[in-house]
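Peer 1: Build me a structure from this.
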Amino acid sequence: MKHKKNGTYNKDYKQNDRSYRKIVIILISTIMISLSVSLLCFSKQVDTQGEENVEEHSNLNEEAEKESIRKKEEDIEISMQKINKISKKVSEIVGDKKESYGIFYYDINSGLQYTLNSDVGFHAASTIKVPIAMMIADKLDNNEITKDTKIKYEESDNCDGAGELQGRVSKGDEFPVIDLLKYMIEDSDNIATSMLKKSIGSVSSYIYNLTEISMIGESNFITPRQSGILLKKIYEKAEEDNNYRDIINLMLKTNTHDRLDKKIPKNMVAHKIGDYENYVNDIGVIYSERPYILCIYTKDVMEEGRENIADISKVIYDITLDKL
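Peer 2: Numbering: from 1, shown residues only. Next up, the predicted model:
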């Protein structure tokens, strides 16, 4: 009997053990299924959120692009309005003598331009001293000369006109380059210009190389656009080149104020005038809140031209700064 009981017990135990295992397997399977379902739901949720994020990012990019296009269109519209204003005001000032004026205006920040006969050649007169100063600055940059390099005056350097050296220089006198630059730009001294030109090459070739605009066959002629390109070069290089910065500083100190800077603040106008026979000119960089370049050349209008240059300069200054 005892042995029989043990046999029955062992049999019952084995049955219970199998049942327990089944229950454990079922529980584990249930847990695994639950986990799989949870992970699947989470994955779908993440995918959905990812899709939403991508869609939201795409919408933001689209809105930003639309805003950028709208801003560009608005800037173009404002630029056209300014050009139209300038054109109208200039027409009122010069009247029926448009052919006597050459104008190149360039807003440095926006690239906005207004031109009138800008590719027509005018006698450069003393505005040619600007590229000469640039050529000297290049030689200083290349260590071909120094500011203290002495240049000797020769009789062939003698020129009529105003200037510091007129009537007080003799054959054999020597002057450092930096002093001659000052006389040439501030006082528009022709003798100083002749002395400096001896140490440089062809001015017309230099202008052509920088502007890619040729004035072949015209002695000392230049276009308003050419002068504008040269001034833009000076403006850009003066940011990091001391020799070009010297040119700007000298142009800020010129002694004549009857044109570009007659009716606007003088301390912001770096310019160079030029007079020759029936040509009256002025070119410069105006360091206003919105810096710009303005080159105005005239022919056959003389004193009226001087006053009109001042009036055109004032109109462009006001329109550039949204004062008109």
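
Peer 1: The closest residue to K147 other than its chain neighbours sits in which helix or strand?
Peer 2: Excluding its sequence neighbours, the residue lying closest to K147 (CB to CB, 6 or more residues apart in numbering) is I178, at 4.0 Å. Yep, even glycine has a C-beta here, placed from its N, CA and C like the rest. Taking DSSP states H and E as the criterion, I178 maps to helix 177-186.

Peer 1: what's near enough to touch the residue nearest the centre of the chain?
Peer 2: Taking CA atoms, centre = their mean as the criterion, I108 is the residue nearest the geometric centre of the chain, at 4.5 Å. By CB atoms under 8 Å, 6 or more residues apart in numbering, the residues touching I108 are 232, 235, 290-293.

Peer 1: can you do 10 Å?
Peer 2: Listed by CB atoms under 10 Å, 6 or more residues apart in numbering, the contact set of I108 reads 231-232, 235-236, 285-287, 290-293.

Peer 1: Just put these in CSV and tack on distance to K82 and neighbour count.
Peer 2: Converted to CSV, the contacts of I108 look like this (distance: CB to CB, whole Å; neighbours: other CB atoms under 10 Å):
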residue, distance to K82, neighbour count
L231, 20, 30
K232, 19, 15
Y235, 20, 19
E236, 23, 12
V285, 19, 26
I286, 15, 24
Y287, 19, 17
R290, 11, 15
P291, 15, 16
Y292, 11, 24
I293, 15, 23
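
Peer 1: Show only the entries of those found in strands.
Peer 2: Taking DSSP state E, the ones among the contacts of I108 that sit in strands are 285-286, 292-293.

Peer 1: Out of those, flag the one nearest to S219.
Peer 2: I293 (25.1 Å; CB to CB).

Peer 1: which residues does that closest one contact?
Peer 2: By CB under 10 Å, 6+ apart, the neighbours of I293 are 104-108, 113, 227-232, 234-235, 270, 283-286.

Peer 1: ok, now with 7 Å
Peer 2: Applying CB atoms under 7 Å, 6 or more residues apart in numbering to I293 gives the contacts 106, 108, 228, 231-232, 285.

Peer 1: quick one on the thing from earlier: do you know how far the residue nearest to the centre of the chain is from E236?
Peer 2: When CB to CB, to the nearest Å is the yardstick, I108 and E236 sit 9 Å from each other.

Peer 1: quick one on the thing from earlier: what about the residue nearest to the centre of the chain, distance to Y287?
Peer 2: 10 Å.

Peer 1: Also Q113?
Peer 2: From Q113 to Y287 the distance is 19 Å (CB to CB).

Peer 1: for the residue nearest to Y153 when sequence neighbours are not counted, phi and psi?
Peer 2: In this structure, Y153 finds its nearest non-sequential neighbour in D173, 4.5 Å apart by CB to CB, 6+ apart. Main-chain dihedrals, D173, degrees, to the nearest 10: phi -60, psi 140.

Peer 1: just checking, D173 touches E155?
Peer 2: No. Using CB atoms under 7 Å, D173 makes no contact with E155, being 11.3 Å away.

Peer 1: between these two, who's got more neighbours?
Peer 2: Per other CB atoms under 10 Å, whichever of D173 and E155 has more neighbours is D173, with 15 against 7.

Peer 1: Can you check the pLDDT for A137?
Peer 2: Looking at A137, its pLDDT reads 98.
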